[in-house]
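Chemist: Structural data only, the sequence is not supplied:
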Ligand code: GCU
């Protein structure tokens with residue numbers, strides 16, 4: 001078992017003992033607010049969450065103490081969403097990809113080529129008319145989404161064989177996120193989808209269990225995937241946002257004044273993470289190319305798009321509630337068309 005898994009198990013065990021003993025407090029009467037995520041401490045998401053923690057601790061530090069747990073210390077993303085549902089922790093950053101198994105409406109943001117450009121993606125995700133009916137209607141499941149975070153564009157990267165066209169994916173085992181929509185996407189592209197959690201990908205690549213994966217550029221450097229995968233192909237198949245989830249009861253327990261401070265904190269988190277994102281991607285590309293020796297490939301994206309477009313129709317047919325949101329996203333796509 002990997003070292004991080006042992007640490008996660010120990011943390012979970014310690015937390016369970018702690019919760020049973022009623023020690024959700026800092027020992028000085030303050031309530032501890034726990035946030036879990038799966039990125040490193042240099043990742044834009046951790047930097048954003050630290051800014052959030054600092055803000056809440058400075059505004060409400062007499063009552064609350066926010067603690068951020070990076071690197072899957074509290075478990076995989078799916079396990080952390082479950083902990084957030086039950087209130088064992090208060091917040092988690094989860095990829096939208098894994099959310100569709102908790103609430104079907106999240107499928108929409110997992111569709112390949114949903115957004116025409118990064119600008120369209122940002123504008124749509126910033127519009128409550130696009131997100132509210134998905135983010136705020138999961139009280140029954142024990143959580144709500146309080147903001148979203150940029151996770152860039154997802155592209156294929158491989159150990160031995162560069163990807164120029166969908167045909168190049170044939171026969172390759174590619175790690176995908178644990179999302180039925182993404183598995184269906186891979187099937188349409190002709191590759192063999194191998195779903196697994198993020199923390200297991202490095203070892204799977206290294207031991208040739210898989211031939212490649214797909215993610216933004218930071219996975220190459222921050223997670224070391226570029227040490228093993230030497231070809232990164234900009235097919236640009238998905239822009240899957242990360243979602244910040246909060247335990248519903250915790251959010252309901254806040255006074256109006258506290259809630260307003262938390263809402264401001266979510267804005268700080270979102271803005272800080274986004275400002276850090278572009279800087280981090282540029283630095284990752286530089287390191288991947290010049291230190292890890294990764295080759296960046298810019299294939300024609302049209303054949304990839306054509307192969308997966310039937311998925312838009314089938315997802316909308318299976319969940320007609322998504323149609324108005326889909327149409328609204330098309331307006332942003334027209335407004336911010338790709339250059
Ligand atoms: C990105 C994303 C994570 C996600 C990961 C994955 O890093 O930001 O939330 O877990 O991709 O591929 O699983």
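Modeler: Cool, the structure landed. If you're wondering where the values come from, they're calculated on a predicted model, not measured in any experiment.
Chemist: count of residues packed around residue 129?
Modeler: Around residue 129 there are 10 other residues, counting by other CB atoms under 10 Å. Glycine gets a C-beta too; all of them are placed from N, C-alpha and C.
Chemist: Show the contacting residues for the residue nearest to it when sequence neighbours are not counted.
Modeler: Distance criterion CB to CB, 6 or more residues apart in numbering; nearest residue to residue 129, sequence neighbours excluded, is residue 328 at 6.0 Å. Contacts here follow CB atoms under 8 Å, 6 or more residues apart in numbering; on that basis residue 328 touches 124, 127, 129, 130.
Chemist: Can you give me the pLDDT of the first one?
Modeler: In this prediction, residue 124 carries a pLDDT score of 98.
Chemist: and it, backbone torsions?
Modeler: According to degrees, to the nearest 10, the main-chain angles of residue 124 amount to phi -70, psi -50.
Chemist: Thought residue 334 was touching it, still the case?
Modeler: No: in this structure residue 124 lies outside contact range of residue 334 using CB atoms under 8 Å: 11.5 Å.
Chemist: So if I had to pick from the two, which one is more boxed in?
Modeler: residue 124 (26 against 10).
Chemist: Return the residues in contact with that one.
Modeler: 115, 130, 328, 329, 332 are the contacts of residue 124 under CB under 8 Å, 6+ apart.
Chemist: Out of those residues, which end up buried?
Modeler: By the neighbour-count criterion of 16 or more other CB atoms under 10 Å, the contacts of residue 124 include these buried positions: 115, 130, 329, 332.
Chemist: out of these, what pair is the most spread apart?
Modeler: Taking CB to CB as the measure, the buried ones among the contacts of residue 124 reach their widest spread between 115 and 130, a distance of 10.8 Å.
Chemist: For residue 110, which residues are in contact?
Modeler: 96, 97, 100, 179, 181, 182, 238, 240.
Chemist: Correction: the previous question concerned residue 141.
Modeler: Residue 141 makes contacts with 85, 102, 103, as judged by CB under 8 Å, 6+ apart.
Chemist: ok, 6 Å please
Modeler: Residue 141 is in contact with residue 102, counting by CB atoms under 6 Å, 6 or more residues apart in numbering.
Chemist: got it, and residue 261?
Modeler: Going by CB under 6 Å, 6+ apart, residue 261 touches 59, 60.
Chemist: And it, what's its pLDDT?
Modeler: At residue 261, the predicted lDDT confidence score is 98.
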